[in-house]
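A.B. asks: sequence first, predicted model second:
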Amino acid sequence: MIFAALTNGKVDSTGTVAMNSYIFGGALISADGTNAATVIVRENDASGAIVFEIVTKAPLVIMRPIKCRSKTLYYSISGTGAAAQLYEWVN
C-alpha cells in the first residue's frame with residue numbers, strides 16, 4: 001500500500017482536492033484534546049455523498065482504502081485546534 005498526500009500539509013477549513021486514483025486513503029487528524037475536531041470528506045462538492053466523517057477530541061491517524069465515484073473530493077474541517085492532512089490510496 002502506498003499513500004500520496006492530497007493536501008499540501010495540514011488544512012483547517014474547506015476546499016477541494018483532486019485524486020489521481022478513485023480511492024481515498026485516509027487522514028492524519030490534529031486535535032487539541034479538549035475541543036472536538038470534525039473532519040468530513042465528500043465526493044465532488046459540499047452537497048456530495050459523504051466518503052469519510054469523524055468527530056474526535058484526540059489526534060488520530062486513520063488509513064484505509066475508500067472507493068469513490070469521483071476524483072474530486074470536498075473537505076470540511078472544523079473545531080478549535082482542528083486540522084487534517086488528507087491522503088489517497090495508490091496501488
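C.D. replies: Alright, I've got the coordinates.

A.B. asks: helices and strands of the protein: which one bottoms out on pLDDT?
C.D. replies: Every helix and strand of the chain was ranked by mean pLDDT, DSSP states H and E. The lowest is strand 2-5, at a mean of 94.

A.B. asks: adjacent strands (with direction) for that one?
C.D. replies: Note on strand 2-5: by DSSP bridges, its sheet partners are strand 83-90 (antiparallel).

A.B. asks: next one: the next helix or strand after the least confident helix or strand of the chain to chain centre, how far?
C.D. replies: The helix or strand immediately downstream of strand 2-5 is strand 14-18, counting by DSSP states H and E. Taking the mean of its C-alpha atoms, strand 14-18 sits 9 Å from the chain's own mean (CA atoms, centre = their mean, to the nearest Å).

A.B. asks: ok so, going back, export the least confident helix or strand of the chain as CSV, just CAs?
C.D. replies: What follows is strand 2-5, C-alpha atoms only, in CSV (Å, rounded to 0.1, in the frame of the first residue of the first chain):
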residue,chain,number,x,y,z
ILE,A,2,1.2,3.5,-0.9
PHE,A,3,-0.3,6.7,0.3
ALA,A,4,0.0,10.1,-1.6
ALA,A,5,-0.8,13.4,0.1
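
A.B. asks: quick one: what helix or strand has the most far-flung residue of the chain relative to its centre in it?
C.D. replies: Seen from the C-alpha centroid of the chain, the residue lying at the greatest distance (CA atoms, centre = their mean) is Thr34, 20.6 Å away. Taking DSSP H and E as the definition, Thr34 sits outside all helices and strands.

A.B. asks: give me the contact list for the least confident helix or strand of the chain.
C.D. replies: With contact meaning CB atoms under 8 Å, 6 or more residues apart in numbering, strand 2-5 is reached by Asn20, Gly25, Gly26, Met63, Gln85, Leu86, Tyr87, Glu88, Trp89, Val90, Asn91. Glycine gets a C-beta too; all of them are placed from N, C-alpha and C.

A.B. asks: show me which of the residues you listed are buried.
C.D. replies: Taking 16 or more other CB atoms under 10 Å as the criterion, what is buried in the contacts of strand 2-5 is Gly25, Gly26, Gln85, Leu86, Tyr87, Glu88, Trp89.
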